[in-house]
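[1] Generate coordinates for the sequence data below:
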Amino acid sequence: MRADLLSRVDGLRSGRTPFVLATVVRAERPTSAKPGDCALVLADGTIDGFVGGACAESTVRLESLRLLQAGESGLLRITPRAGDGGTAEEGVRTVGNPCLSGGTLEIFLEAMIPPVLVVVHGEAPVARALVRVGHALDWDVRAGVDPDAPIAPDTAAVVVASHGRGEAPVLRAALRAEVPYVALVASRRRAAGVLDDLAAQGVPAGQRERIHAPAGLDIGARTAPEIALSVFAEIVAQSPRVVLPASGPADVPAAGEPAVAIDPVCGMEVAVTTASISAQHDGETAYFCGTGCRQAFLDDPQRFAR
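    Purely as a prediction, here's the structure:
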């Protein structure tokens, strides 16, 4: 991998930015890409690096976005034989691209998803146990006692375990940030009191109902580590597998399949992103797998009218 790409990977990881690392593992000539060539694919469809020409790059973009949404990795085979598209073979996604120059590429797509981010407010024994259990899960668990600390947009859970210190401000901030899982570690009686305080502060009933109070699944937990285990069990049970930043691009859906268009010239699926090759015609945007298809369309749009 190029030194600049390695540096970019470090920056993306430290910034908790999801991406796909695409690496050519096999090339059947004629192809412009060679084994070892690699690129980074971001959630907005941007590609940094080289894994083949424009047509191969378009396929890599779409399949990478699909894997990124699923939080999975896979082997992609791109072949010029259109009839091979969708061939069922365990562990391999085969796509027939008639616009390729004649060779076949196999590219490993590795989805790099940031670890689940959990914010723990407090320094009591349960708070410390939450940090230990979370780290054992290889999650990103950040503990603090500042009720005004900002909440990252991709935070999956906020757990308040401060035994009465700064609880309400943190809970309100987590609700405003629309954190998927918000919880308060407390007895049922004290939890009810905190919820009443939030009601008096104007927090709507629908928002208060989002707070898991008391936190955790009812597994009969007594000790701090057991309580922490019950909390993480509840987070796993109620949270999606992949949490992408809420501030992600508008043209890449936050969940499910990425938006897809059909190249009007060759019929290939193309990811609908600002990074994809496109052209305007009659007030509509058409997307293309490569510059050749785009030029053919612009030369005679009526020929390819849908």
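
[2] Point me to the helix or strand that includes residue 142.
    Using DSSP states H and E, residue 142 falls within strand 140-144.

[3] now for that strand, which elements pack on it?
    Where contact means 3 or more Cβ pairs under 8 Å, 6 or more residues apart in numbering; DSSP states H and E, strand 140-144 is packed against strand 117-121, helix 125-136. Quick note: C-beta positions are derived from backbone N, CA and C, even for glycine.

[4] any chance of those in JSON lines, plus distance to residue 102?
    JSON lines is the format used below for those (distance: least, Cβ to Cβ, whole Å):
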{"stretch": "strand 117-121", "distance to residue 102": "45"}
{"stretch": "helix 125-136", "distance to residue 102": "50"}
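
[5] Deepest-packed of the ones you listed, please.
    Of those, the one with the most neighbours on average (mean count of other Cβ atoms under 10 Å) is strand 117-121, at a mean of 25.

[6] Now the element after the helix ranked longest in the chain, going C-ward?
    If you go by DSSP state H, the chain has its longest helix at helix 54-70. Following helix 54-70 in sequence order, the next helix or strand is strand 74-79 (DSSP H and E).

[7] Check which residues of that following strand are buried.
    For strand 74-79, burial by neighbour count (16 or more other Cβ atoms under 10 Å) applies to 74, 76, 77, 78, 79.

[8] Could you tell me how many residues sit around the nearest residue to residue 157 once chain neighbours are set aside?
    Spatial nearest neighbour of residue 157, excluding adjacent residues (Cβ to Cβ, 6 or more residues apart in numbering): residue 181 at 3.9 Å. Other residues lying near residue 181 total 23 when counted by other Cβ atoms under 10 Å.

[9] Please tell me how far residue 181 sits from residue 116.
    10 Å (Cβ to Cβ, to the nearest Å).

[10] residues touching residue 203, list them.
    Neighbouring residues of residue 203 by Cβ atoms under 8 Å, 6 or more residues apart in numbering: 172, 175.

[11] a strand runs through it, doesn't it?
    No - counting by DSSP: H, G, I helix; E, B strand; the rest coil, residue 203 is not part of a strand but coil.

[12] Touching, residue 125 and residue 226? I think so.
    No - using Cβ atoms under 8 Å, residue 125 is not in contact with residue 226, being 11.4 Å away.

[13] now, which of the buried residues of strand 74-79 sits nearest residue 279?
    Distance to residue 279, by Cβ to Cβ, is smallest for residue 78 among those, at 23.1 Å.

[14] you'd agree residue 50 is up against residue 37?
    Yes - using Cβ under 8 Å, residue 50 is in contact with residue 37, at 5.3 Å.

[15] Neighbour count for these two, which is higher?
    In terms of neighbours (other Cβ under 10 Å), residue 37 is the more surrounded of residue 50 and residue 37; the figures are 21 against 18.

[16] what's near enough to touch the residue lying closest to residue 291 once chain neighbours are set aside?
    Spatial nearest neighbour of residue 291, excluding adjacent residues (Cβ to Cβ, 6+ apart): residue 54 at 5.6 Å. By Cβ under 8 Å, 6+ apart, residue 54 lies in contact with 277, 289, 290, 291, 292.

[17] What is the burial count for the first one?
    In this case it means residue 277. Look at residue 277: counted by other Cβ under 10 Å, it has 19 neighbours.

[18] Quick check: bridge partners of it?
    In this entry, residue 277 is beta-bridged to residue 288, by DSSP bridges.

[19] and it, what pLDDT?
    pLDDT, residue 277: 94.

[20] And residue 282, by the same measure?
    The confidence metric pLDDT takes the value 88 at residue 282.
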